[in-house]
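[1] Predicted model and sequence below, questions to follow.
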Amino acid sequence: MQCSFLEAVLRNHPAVPSQIPLPTLTMSSLASSAPATNPSMSTTPATPAAPIFDKGLGNTIAATTQMSFIDGGKGVLEYVGIDIDSLARYSTYEETVFLLWNTKLPDAAQLRALSSALQSEYEIPDAIYDMIRSFPTTAVPMHALRTLVSALGLHDVEADADGIEASKRKALRLVAKTPTLIANFDRHRSGKAFVRPNPSFDIATNFLWMLNGEKPTAAMARGLDVCLILHADHGLNASTFAARVTIATLSDLYSAMTTAVGTLKGPLHGGANEEVMIMLDEIGSMEKVEAFVQDKLERKELIMGFGHRVYKAYDPRATYLKTFAKQIATDTGNLKLFEMSQKIEEIVIAAKADKGIFPNVDFYSATTYHCLGIKTDLFTCMFAMSRMSGWCGHCIEQLEDNRLIRPQAKYTGPHGAAYVELSKR
Ligand code: ACO
């Protein structure tokens, strides 16, 4: 990013003490989606490069980013150059958000300022609580979240405010409020009273506080914090791309985040973590693992939580998560779940490593979320809660150097077909 994303937001935020020094901004102005020069003024028409057909866009670079770097062959993921394993071990979600939005680690005062600004935005309007009350208790949580993220825009007077600065303020609100939406939708469908956010807690602690109505242990909050760090950003994945496509039309950030939540929901993307847990439940015991997995492989069915469009080596997010999942499974009496997962991994790797199929981040996050007491159908919402920071960061990057995203389709239909009157068909 060309500018210091969060510092610009904090500069004007009421929760940030004025004595905190903030660096000078070097923000580029919002670029228009129109071309830099008017083609009609040119004497020689530009010859467009011949388009290439790249189904799934796996070989297409469609944007630049300074947030995350992936080497799928070597199994490397870095946020702003810092290895994901180090961040998972030593960072916090708030610090990671600062890193992604400012492309540098914060000092202590900057981290306090961000945390305080986020905390002051945890609460959602009363009208949104009323809206949650109106939802069917059978609603799929990702449907509820998509609707609620969109509804937040109805209550933000800046929802359609132009420009990068306003988008940054909206980004802060979206990251802060999403946990409140998810936790309180879950309480509503469980017949429990709403729990308002606690502005003295960090994001992970606050989420579990609202979800369960009691303060989590430090170990449980840390478990969630690690998952939030690992899911925060991941290059131009499907939901991030969808968000960038939406913001590139110069729509608003709430619309872009609604697009992203809808895209994440699919089982080939964020929905896979739920499918992993469903699979583990279906298998049920260690003795049944081998037959279950072999049967799926023979039928050429997908094993959820394995494979990745970019990683053809072990997903680096899964490396630390596996260690972490073992620890939390042991601590919470769920070791059987971890051992079943490990056995599935052994069988799939033995059969599919030559095709570059290894566990992805969703595989061990399923065990981790389960051990944190989070219901299976909330897993994808947890992913969205974390990725909200990456999506927003990408949208700001897109706005800083915008160009309408508009690929072409290869037409495979007929030409010159006759129009036949309805009565003659
Ligand atoms: N289980 C078994 N076989 C698999 C799996 C899997 N999970 N994933 C890929 N394969 C097989 C394919 O069938 C293919 O076999 P073939 O060569 O005999 O046809 C081969 O491995 C190569 O796979 P591709 O189809 O090229 O992989 P692609 O990049 O298109 O798909 C995807 C990646 C969609 C993630 C796929 O691996 C998948 O569906 N995985 C399961 C769902 C999942 O876990 N999604 C989460 C991804 S991570 C994320 O979004 C956070």
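    The structure has been received and is ready for your questions.

[2] Please make it C-alpha for all contacts and neighbour counts, starting now.
    Noted.

[3] how about the helices in the stretch 251-400 of the chain?
    In the stretch 251-400 of the chain, the segments counted as helices under DSSP state H, counting those that start in this stretch are 253-264, 272-283, 289-298, 316-331, 335-352, 361-371, 379-400.

[4] measure the closest residue to the ligand within the stretch 101-250 of the chain to residue 68 for me?
    Here the stretch 101-250 of the chain gets closest to the ligand at one residue, residue 237, 7.4 Å apart by Cα to the nearest ligand atom. Residue 237 sits 11 Å away from residue 68 when distances are taken as Cα to Cα, to the nearest Å.

[5] who has more neighbours, those two?
    residue 68 (21 against 15; other Cα atoms under 10 Å).

[6] ok, the more buried one - contacts?
    Counting by Cα atoms under 8 Å, 6 or more residues apart in numbering, residue 68 makes contact with 77, 78, 79, 80, 81, 100, 233, 234, 235.

[7] From those residues, list just the buried residues.
    When these are checked for burial by 16 or more other Cα atoms under 10 Å, the buried set is 77, 78, 79, 80, 100, 233, 234, 235.

[8] and which of the residues you listed is nearest residue 159?
    Residue 159 lies nearest to residue 100 out of the buried ones among the contacts of residue 68, by Cα to Cα, at 22.7 Å.

[9] do you know how far the residue nearest to the closest one when sequence neighbours are not counted is from residue 319?
    Leaving aside its sequence neighbours, residue 100 sits nearest to residue 67 (Cα to Cα, 6 or more residues apart in numbering; 5.3 Å). When Cα to Cα is the yardstick, residue 67 and residue 319 sit 21 Å from each other.

[10] More neighbours: which of those two?
    A direct count of neighbours by other Cα under 10 Å for residue 67 and residue 319 places residue 67 higher, at 23 against 17.

[11] Could you pull out the buried residues of stretch 257-275?
    Neighbour-count burial for stretch 257-275, counted by 16+ other Cα under 10 Å, picks out 257-265, 268-275.

[12] cool, stretch 213-227 as well?
    Quick answer for stretch 213-227 (16+ other Cα under 10 Å): 213, 215, 216, 220, 221, 222, 223, 224, 225, 226, 227.

[13] Show me the shaky parts of the stretch 301-425 of the chain.
    Low-confidence regions of the stretch 301-425 of the chain, defined by pLDDT under 70, are absent; no residue qualifies.

[14] Enumerate every residue touching the residue of the stretch 151-300 of the chain found nearest the ligand.
    Sorted by distance to the ligand under Cα to the nearest ligand atom, the residues of the stretch 151-300 of the chain start with residue 269, at 3.4 Å. By Cα under 8 Å, 6+ apart, residue 269 lies in contact with 238, 263.

[15] how near is it to residue 249?
    To residue 249, residue 269 is 24 Å away according to Cα to Cα.

[16] All good on my end, thank you.
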